[in-house]
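>>> Okay, here's the prediction I keep looking at, along with the sequence it came from:
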Amino acid sequence: MILLIVLFLVGIIAGFLNTLAGGGSALVIPILIIAGIPSPMANATNRVAILLQNITGSYRFHKHKILEVGSIIHITIAAIIGAIAGSLLAVKITSAYYDKILAVVFIIILILMLKPHKKRSSLTKKLPKWLEFIIFLIVGFYGGLIQVGVGFIFLATLNLVEEFDLIKANAIKVFIIMCYTVFAVIIFAYSGKVIWKYGLVLAAGNVIGAFIGVKAAITRGERFVKIVLTIAIIIASLKLFGVFKLLGM
């Protein structure tokens, strides 16, 4: 019972972070592992919460007329295809060194996200759609395989498609992750990797966190989102580099 309460509360925090920025899975998965769940099953179980969280977030962003999907259909399809491939691989293998690599990626993304945005001029061409498709195929593959930190990666790469502000980019990120997570959950569930009791308790918390996150993004604006994003990336990077472990935390 204590574990279920902890998972519910952690789910609220994770849903809030994932909707506004990313990195919520970096909080959830270690707790599942500490509870004695093997990392592949922790990775799979977390996807149930991710799915329901992003359904909630997508609905809320759409209700507030922030989410428009017409221009991102091609990258959504690319992410789904990539995620299916990544999920199929995830049920078979794990990586021992991805934490350190991911931490470096987080720092790079933080630099990219915090640098001043320049408006596209007539001399700055958008990427061709085929290249956008390949980029989001790779991002989707990563999301299907690992998921941790994929929100940060989406926020950085979405800026290659169009000059989205952080609020609109978050709405699109939430929608795309929702779409590919449907397939990821099916694959993980079919492989017997999902612990439904824990996944649904997490999901209940994530849904509440997503509801709060969307409201905060809309009412407090892009500056608030940027602050949350910065804090989330720094904490996630310190954790993945093992700094918290060295400090006995």
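Great, that's in hand. Numbers count the residues shown, from 1 in each chain.
>>> pLDDT below threshold where in this protein?
93-103, 105-106, 108-110, 112-125, 163, 236, 239-240, 249 (pLDDT under 70).
>>> Show me the helices in it, by range?
With DSSP state H as the criterion, the chain has helices at 2-20, 24-34, 39-63, 73-90, 98-114, 129-145, 150-161, 166-190, 196-240, 243-246.
>>> Give me the distance from stretch 159-167 to the chain's centre.
16 Å (C-alpha atoms, centre = their mean, to the nearest Å).
>>> Turn the helices of the chain into TSV, including mean neighbour count.
For glycine as for every other residue, the C-beta is placed from the backbone atoms N, C-alpha and C. Shown next, in TSV, are the helices of the chain (neighbours: other C-beta atoms under 10 Å):
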stretch	mean neighbour count
helix 2-20	22
helix 24-34	22
helix 39-63	23
helix 73-90	21
helix 98-114	16
helix 129-145	20
helix 150-161	22
helix 166-190	22
helix 196-240	20
helix 243-246	11
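>>> Hmm, residue 165 and residue 221 touching each other?
No. Using C-beta atoms under 8 Å as the test, residue 221 is too far from residue 165 to be in contact (9.3 Å).
>>> measure the residue nearest in space to the middle of the chain to residue 68 for me?
Nearest to the geometric centre of the chain sits residue 151, at 3.3 Å (C-alpha atoms, centre = their mean). Separation of residue 151 from residue 68 (C-beta to C-beta, to the nearest Å): 19 Å.
>>> Likewise for residue 185?
Taken as C-beta to C-beta, the span from residue 185 to residue 68 is 25 Å.
>>> cool, residue 139 as well?
20 Å.
>>> can you check residue 5 too?
Taking C-beta to C-beta, one finds residue 5 at 38 Å from residue 68.
>>> same thing with residue 77?
16 Å.
>>> ditto for residue 23
25 Å.
>>> same question, residue 74
Residue 74 is 14 Å from residue 68, by C-beta to C-beta.
>>> can you check residue 218 too?
15 Å.
>>> same thing with residue 85?
27 Å.
>>> What of residue 231?
28 Å.
>>> do the same with residue 192
38 Å.
>>> And these two? Which one has more around it.
residue 68 (13 against 10; other C-beta atoms under 10 Å).
>>> Without its sequence neighbours, what residue ends up closest to residue 71?
residue 162 (7.0 Å; C-beta to C-beta, 6 or more residues apart in numbering).
>>> ok, how many other residues are close to the one you found?
15.
>>> So it sits against residue 126, correct?
Yes. In terms of C-beta under 8 Å, residue 162 counts as a neighbour of residue 126; the distance is 7.3 Å.
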